[in-house]
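J.: got a sequence here, can you model it:
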Amino acid sequence: MNLLECIDGARNLINEPLASSRTFPDNTSSFFTDSILMNYHNLIQQEVQQEVVQADEDYFVTQAFLSVVANTAEYTLPATFIKARRVEDVRNAASPVEIFPVTINQRGHVSYDGFRTGSQGALGGAYYLRGNQIILTDTPTFTNASAIRLHFITRLTDVTAATTSSDLPAEHHRVLIWGIVKLALFQQQSDTTLADREYEKHMARMRQEIESRQTQRVRRVAAAITSRGD
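T.: Reported below is the predicted structural model:
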């Protein structure tokens, strides 16, 4: 469902429908403007993403390269960064080498020669995070815009265009509708019991399906029952 479909689905449930052909956002409604419901949509999207990540940590993993500059160890993380999943030295594209995480207290006890040599063979290194920065424990002595690849969980961007859809699993967008409804009813100081129940039901269904996609289930073959007559 796109943003407008989610908002109008919520509007129908709270008995405040507007014409789907309206110019979006239409903020003339006496109580729930399109802008308010759009904000609710994006708040719920963040909440639902957290549940998806709990069920499958790699569902929203993407990648970016650090533009390495000689004699520079500190680099700003991508704006949508949530959590690092893997960092690789990919100067040798055929054999990427993982750069392992360490804590800030361990940074002085880990040393590799990969960054210092600048060789194209077996490389290595370590890193730690500090605020919105990633710090390499061995300062590179080379410049390369695509030497280090960062795999990370990315934060979903807010949806603001009527025809744009959330990157949450498409088959579970009803959880967004019920999330919008429960926030709207809460603002209205109305009973949210039904909306809470529906929201949790759809959330649980989504969580279960995402967890099961990572599990290879054993195929069960019904055993034939034979009678030996004894």
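J.: so the residue nearest to the spatial centre of the chain versus residue 167, what's the distance?
T.: Centroid check for the chain by Cα atoms, centre = their mean gives residue 60 as the closest residue, at 3.9 Å. According to Cβ to Cβ, to the nearest Å, residue 60 stands 7 Å off from residue 167. Where C-beta positions appear, they are placed from N, C-alpha and C, glycine not excepted.
J.: name the residues contacting each of those two.
T.: Shared contacts of residue 60 and residue 167, defined by Cβ atoms under 8 Å, 6 or more residues apart in numbering, comprise residue 156.
J.: before we move on, the earlier item: I figured the residue nearest to the centre of the chain hits residue 166, correct?
T.: No: contact criterion Cβ atoms under 8 Å: residue 60 and residue 166 do not qualify, at 11.6 Å.
J.: ok, back up a step: can you pull the contacts of the residue nearest to the centre of the chain?
T.: Going by Cβ under 8 Å, 6+ apart, residue 60 touches 49, 52, 53, 82, 153, 154, 156, 167.
J.: partners of the lengthiest strand in the chain, with directions?
T.: Longest strand of the chain, by residue count under DSSP state E: strand 144-154. Strand 144-154 sits in its sheet next to strand 61-68 (antiparallel), strand 81-89 (antiparallel), going by DSSP bridges.
J.: what about whatever helix or strand comes next after the longest one, distance to the chain center?
T.: To tie it back to what came earlier, the one meant is strand 81-89. Using DSSP states H and E, the helix or strand that follows strand 81-89 towards the C-terminus is strand 97-101. Distance of strand 97-101 from the chain centroid (Cα atoms, centre = their mean, to the nearest Å) equals 22 Å.
J.: neighbouring strands - and their directions - for strand 97-101?
T.: Strand 97-101 pairs in its sheet with strand 81-89 (antiparallel), strand 126-130 (parallel), by DSSP bridges.
J.: next, format those strands as CSV and append mean pLDDT.
T.: Formatted as CSV, the strands paired with strand 97-101 follow (pLDDT from 0 to 100):
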stretch, mean pLDDT
strand 81-89, 96
strand 126-130, 94
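J.: minimum distance to residue 3: which of those has it?
T.: Closest to residue 3 of the strands paired with strand 97-101 is strand 81-89 (Cβ to Cβ; 22.2 Å).
J.: not counting that closest one itself, show me its contacts.
T.: Against strand 81-89 from outside (Cβ under 8 Å, 6+ apart): 53, 57-58, 60-61, 96-99, 101, 114-115, 123-125, 127, 129, 132, 134, 147-155.
J.: now do the helices in the protein.
T.: Under the criterion DSSP state H, the chain carries helices at the ranges 3-13, 34-55, 114-117, 174-187, 193-212.
J.: now do the third one, average pLDDT.
T.: Per-residue pLDDT values across helix 114-117 average out to 45.
J.: before we move on, what about stretch 193-205?
T.: Stretch 193-205 carries an average pLDDT of 97.
J.: now do stretch 51-71
T.: Average pLDDT, stretch 51-71: 96.
J.: quote the end-to-end distance of that stretch.
T.: End-to-end distance of stretch 51-71 (Cα to Cα, to the nearest Å): 40 Å.
J.: and if you look at stretch 83-94?
T.: End-to-end span of stretch 83-94 (Cα to Cα): 26 Å.
J.: quick one: which of the strands paired with strand 97-101 is nearest residue 72?
T.: Judged by Cβ to Cβ, the one of those that comes nearest to residue 72 is strand 126-130, at 13.2 Å.
J.: if we can go back for a sec, now the helices of the chain as a markdown table including distance to residue 27 and mean neighbour count?
T.: Formatted as a markdown table, those follow (distance: least, Cβ to Cβ, whole Å; neighbours: other Cβ atoms under 10 Å):
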| stretch | distance to residue 27 | mean neighbour count |
| --- | --- | --- |
| helix 3-13 | 12 | 21 |
| helix 34-55 | 5 | 18 |
| helix 114-117 | 54 | 18 |
| helix 174-187 | 15 | 22 |
| helix 193-212 | 23 | 16 |
